[in-house]
Structure formats: structure tokens, C-alpha cells
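**Q** Okay, sequence plus prediction incoming.
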Amino acid sequence: MDITYSKRLILLYVLCLNEARSADSEPPSTSLEDYDVIEAATYLACYIAFRAIKQAERSPADERLENFDMLAVYQAYAMLIYTYLTLPLADEGIEPEYKTAAVTIARSLFSELENEELAEIIESGSHKYQLIGDAESEHWMNYRQDLEKALIAFVIAATDEDAPFEKEALIPMLGALLSMLCEAFASE
């Protein structure tokens with residue numbers, strides 16, 4: 001059976017929802033038709049970014065006080081994830097919602113912050129995201145390709161029982177890619 005990319009994203013979303021639920025809560029619906037693929041991509045961008053932050057042993061709570069601009073790097077990273085998760089959806093005629101995703105991602109990753117701080121993170125993160133996207137140096141082109149490959153591999157690993165590896169095996173790579181981004185912006 002062939003599964004479309006949008007259904008694959010939704011399946012991963014449902015699997016992650018089920019993984020995150022408490023033992024006494026209702027399981028998510030098993031009907032993929034009950035879910036929106038853009039909502040799924042937004043959730044997955046947050047989920048993967050959060051896992052990468054944890055893998056990289058970063059502390060957004062500490063950085064909020066000591067290096068607030070690093071939160072914008074996390075925002076940019078999550079938006080890069082969202083971008084690469086949604087790019088293949090164009091083949092199905094599905095358009096991403098970048099502005100909505102940026103707000104949802106910021107609110108999800110930094111739920112304890114005030115609206116003014118969130119707005120600053122979104123604006124600075126958007127600037128960093130644009131810099132990375134527009135960069136023509138070989139380093140940044142390789143970085144974007146590596147991130148895209150890791151994310152596609154993550155989606156396939158989680159949704160294809162014949163995949164040669166588990167999605168968990170890709171978390172260290174995603175954490176390393178986040179660390180590289182943090183180092184690049186720390187040296188500015």
C-alpha cells in the first residue's frame with residue numbers, strides 16, 4: 001500500500017501524540033482523516049526541536065536569563081524543521097502556514113514567556129531563519145541539506161516498519177545539527 005507524504009506526517013503526529021499521553025488519558029483517534037496535516041507538521045516541528053534541545057543538553061530556562069538571543073536560534077531551528085517537513089506537501093497541493101506556525105511554535109517552546117518576549121523571539125528567529133535560508137556559502141547549503149535528510153529519515157523511520165533504523169537513532173543527529181546552529185550564532 002502506498003501512503004502519501006501527508007498521511008505519513010499525520011501518522012507520525014498520531015504516534016507522537018500517543019507517546020506523549022499519560023496512561024490514564026484517552027488515546028488519539030486512529031483515523032488519519034481526523035487530523036490536519038499542517039497542524040501535524042507544526043506539532044512535529046515543536047516535538048523535534050524540543051527533543052533536539054534536550055539531546056544537545058541546552059537549557060532554554062537558563063539561556064532566557066543569560067543569553068536570551070539563543071531562544072531565537074531555537075525558534076529559527078524549529079521553523080527550519082517546519083519548512084523541511086512541509087516542503088514535500090507542495091506535491092499534494094498543500095501550502096504551509098509559516099506565520100501561524102511561527103507563533104504556535106514560539107508559544108509551545110516558550111510557553112512561560114510574556115507576549116512581548118515571544119514577539120521578540122519570533123522576530124529575531126525569523127531574521128535568523130531568513131539568513132540561513134538565503135546563505136549561499138557551501139557550509140550553509142550543506143547544513144540545510146543535512147537537516148532536510150535527517151528530517152525525512154526521521155519521518156520514514158517512524159512510519160515505515162521496514163525502515164533500517166528507528167526514529168530515536170536520529171535524535172542525536174538532530175541535536176548535533178541544533179548545536180552547530182547554536183555555535184554559529186554564538187560566535188556572531
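**A** Sure thing, it's come through. Since we're looking at a predicted model, the values are computed, not measured.

**Q** Show me what the lengthiest helix in the chain is in contact with.
**A** In the chain, assigned by DSSP state H, the helix with the most residues is helix 138-159. Defining contact as CB atoms under 8 Å, 6 or more residues apart in numbering, one finds that helix 138-159 is touched by 3, 8-9, 11-12, 15, 48, 80-81, 84-85, 87-88, 132-133, 135, 163, 165-167, 169-170, 173-174, 177, 180-181. C-betas here are computed from N, CA, C, even on glycine.

**Q** which parts of whichever helix or strand comes after that helix are buried?
**A** For helix 138-159, the following helix or strand on the C-terminal side (DSSP states H and E) is helix 171-186. Across helix 171-186, burial judged by 16 or more other CB atoms under 10 Å covers 171, 173-175, 177-182, 184-185.

**Q** Narrow the contacts of helix 138-159 to just the buried residues.
**A** Applying 16+ other CB under 10 Å to these flags 8-9, 11-12, 48, 80-81, 84-85, 88, 132, 167, 170, 173-174, 177, 180-181 as buried.

**Q** Could you quantify the relative orientation of the longest helix of the chain and helix 171-186 as an angle?
**A** 150 degrees (axes from the mean of the first three to the mean of the last three CA atoms, to 10 degrees).

**Q** Tell me which residues of helix 138-159 come out buried.
**A** Within helix 138-159, judged by 16+ other CB under 10 Å, the buried ones are 143-144, 147-148, 150-151, 153-159.

**Q** One more: stretch 28-38?
**A** Across stretch 28-38, burial judged by 16+ other CB under 10 Å covers 28, 32, 35, 37-38.

**Q** Spatially nearest residue to the residue nearest the centre of the chain (excluding sequence neighbours)?
**A** The residue lying closest to the centre of the chain (CA atoms, centre = their mean) is Ala45, at 2.4 Å. Closest residue to Ala45 apart from its sequence neighbours, by CB to CB, 6 or more residues apart in numbering: Tyr82 at 3.9 Å.
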